[in-house]
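> Predicted structure and sequence below. I'll ask about it afterward.
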Amino acid sequence: MTKPPMLTAQQALDHLLSNAQVVSEHELLPMQSALGRILAEDVKSLVDVPPLDNTAMDGYAVSTADIQTPGSILKIAQRIPAGSIGITLEPGTAARIFTGAPVPQGADAVVMQEDCAIPEGSTDHVQVNVVPTSMQWIRRKGEDLQAGKTALIAGTFLRPQELGVAASAGLTHLSVKRRVKVAAFFTGDELSLPGEPLKPGGIYNSNRDTILACIKALGCDATDLGIVPDNLNATREALRKASKDHDLIITSGGVSVGEEDHIKPAVTAEGRLDLWQIAIKPGKPLAFGAVRKSSATADGEAWFIGLPGNPVSSFVTFLLFVRPFILKLQGREEGRVQTYPMRADFDWLKADRRNEFLRVKINAQGGLDLFPNQSSGVLTSASWGDGLVDCPPGQAIKAGDLVKYIPFNALLN
Ligand code: AMP
Ligand code: MG
């Protein structure tokens with residue numbers, strides 16, 4: 001049997017991304033329903049935010065020309081609460097003003113009330129105890145958003161703060177991409193669902209919960225097609241079912257080239273497939289291809305990505321390869337996985353020929369600790385960890401070295 005080609009992580013990713021095409025269908029959703037979706041069109045603000053110059057503090061709106069020395073006294077000529085508009089400030093006067101209220105014409109600063117006092121026996125004068133600088137505590141009209149200008153760009157993943165920005169721009173609904181539809185199944189005769197008795201020599205299907213949750217965390221629809229036994233016909237059948245109504249099929253297990261690995265022949269029979277050896281650890285085998293839509297009405301193909309079966313391998317290869325592929329289908333703005341320089345507080349001396357992704361945790365000293373068991377079967381390493389260290393091929397790590405850190409948090413949305 002010929003050995004699949006060995007690719008670097010970068011080459012594999014380039015190949016995946018050059019194939020992915022953005023899903024084009026949009027839908028208009030009320031703001032709260034758009035959480036976790038991808039913006040399909042730029043949002044332009046309907047208004048200036050703030051609408052007028054306004055005060056950031058409770059205090060007094062003044063003209064700095066009137067206050068040359070601390071202790072200057074001004075007549076309080078008007079009162080402007082939030083939601084009302086004052087009149088032009090006359091020289092020598094101040095306006096009592098409250099946070100969010102528009103600053104009146106003629107005023108060029110706000111003095112916070114803590115820096116003012118009402119002189120003994122007065123009801124309508126204020127003593128200003130500090131000399132203000134021009135524009136202090138004034139929020140400028142349009143400093144946040146400008147009417148007619150872009151507030152959010154197409155391709156943005158909508159978090160709570162983006163919904164707030166769209167609302168402050170005056171929108172009630174957002175045009176978002178339809179959800180990418182992903183089907184997943186899990187190969188292996190040894191697998192049982194939690195809740196069922198384990199077979200002799202069996203294990204529970206943990207990939208189901210990790211992978212379906214990863215798919216959902218990216219804002220996709222996830223369809224679970226269950227456990228598929230290690231035989232060609234069952235695998236082909238599952239592929240035909242999965243290709244219906246889905247953009248992408250993800251599987252775990254069976255991607256090596258052993259006698260019990262049926263992904264390659266099954267996908268080849270139902271479509272087309274490249275099987276890769278990627279020079280990464282954990283991970284190595286990964287399959288990429290497409291499955292013909294089987295129904296008479298739907299034409300085209302569903303993309304196919306086959307992950308290795310080992311629980312850490314399938315999780316890490318999902319994050320490194322499937323996630324960017326899905327982001328591209330979604331038309332998202334974010335590009336490649338970002339790494340951050342962090343200090344290793346551990347030694348990793350057995351430099352491997354493969355690019356390793358080590359499970360690590362941030363410690364109280366601002367460095368990274370290493371999970372002691374880096375086996376690709378030990379999933380507790382990933383739940384203990386905060387993220388991965390991307391350790392290039394052939395590189396050893398000594399405590400104190402700066403390493404490339406990838407937080408899990410950044411990959412699960
Ligand atoms: P495979 O890639 O099918 O050769 O599987 C590699 C290893 O991962 C084997 O030890 C399998 O038992 C294990 N494995 C495969 N699929 C799963 C799964 N869904 N959940 C947990 N372990 C799995
Ligand atoms: Mg297997």
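Ah, there it is. Ligands and ions are numbered 1, 2, ... in the order given.
> element containing the closest residue to Glu334 other than its chain neighbours, please.
Nearest in space to Glu334, with sequence neighbours left out and distances taken as C-beta to C-beta, 6 or more residues apart in numbering, is Leu327 at 6.1 Å. Every residue, glycine included, has its C-beta placed from N, CA and C. Taking DSSP states H and E as the criterion, Leu327 maps to helix 323-330.
> CA atoms only for that helix - export them in PDB, please.
Only the C-alpha atoms of helix 323-330 are listed here, as PDB (Å, rounded to 0.1, in the frame of the first residue of the first chain):
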ATOM      1  CA  ARG A 323     -12.200  25.400  12.500                       C
ATOM      2  CA  PRO A 324     -10.400  27.500   9.800                       C
ATOM      3  CA  PHE A 325     -12.200  25.600   7.100                       C
ATOM      4  CA  ILE A 326     -15.600  26.300   8.700                       C
ATOM      5  CA  LEU A 327     -14.700  29.900   9.300                       C
ATOM      6  CA  LYS A 328     -14.000  30.200   5.500                       C
ATOM      7  CA  LEU A 329     -17.400  28.600   4.700                       C
ATOM      8  CA  GLN A 330     -19.000  31.100   7.000                       C
END
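> and it, what other elements does it pack with?
The elements that helix 323-330 packs onto, with contact taken as 3 or more C-beta pairs under 8 Å, 6 or more residues apart in numbering; DSSP states H and E, are helix 9-19, strand 248-252, strand 301-307.
> got the CA coordinates for the longest one in CSV?
Output in CSV follows, covering the C-alpha atoms of helix 9-19 (Å, rounded to 0.1, in the frame of the first residue of the first chain):
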residue,chain,number,x,y,z
ALA,A,9,0.4,21.8,9.1
GLN,A,10,0.7,24.9,6.9
GLN,A,11,0.5,23.0,3.6
ALA,A,12,-2.5,21.1,4.8
LEU,A,13,-4.3,24.3,5.9
ASP,A,14,-3.5,26.1,2.7
HIS,A,15,-4.9,23.2,0.7
LEU,A,16,-8.1,23.1,2.8
LEU,A,17,-8.6,26.9,2.7
SER,A,18,-8.1,27.1,-1.1
ASN,A,19,-11.0,24.7,-1.5
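> can you list the residues that contact that helix?
7, 274, 276, 278-280, 286, 288, 303, 305, 320-321, 324-325, 328, 336, 355 (C-beta atoms under 8 Å, 6 or more residues apart in numbering).
> Please apply the same query to the shortest one.
Contacts of strand 248-252 with the rest of the structure, by C-beta under 8 Å, 6+ apart, involve 180-187, 207, 211, 215, 228, 239, 242-243, 263, 291, 302-309, 314, 318, 322, 325-326, 329.
> So that I can see them in ChimeraX, could you write out a selection of the buried residues among these?
In ChimeraX, a selection of the buried entries from those looks like this (16 or more other C-beta atoms under 10 Å):
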select :180,181,182,183,184,185,186,187,207,211,215,228,239,242,243,263,291,302,303,304,305,306,307,308,309,314,318,322,325,326,329
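> is it fair to say Met342 lies in a strand?
Yes. Counting by DSSP: H, G, I helix; E, B strand; the rest coil, Met342 is located in a strand.
> Isn't it up against Ile406?
No. Under the criterion of C-beta atoms under 8 Å, Met342 makes no contact with Ile406, lying 9.8 Å away.
> intersection of neighbour lists for those two?
Val389.
> Next up, the contacts around the residue in the stretch 101-250 of the chain positioned nearest to ligand 1.
Nearest to ligand 1 in the stretch 101-250 of the chain, going by C-beta to the nearest ligand atom, is Asn207, at a distance of 3.3 Å. The neighbours of Asn207, taking C-beta under 8 Å, 6+ apart as the test, are 186, 252-253, 307, 309, 311, 314.
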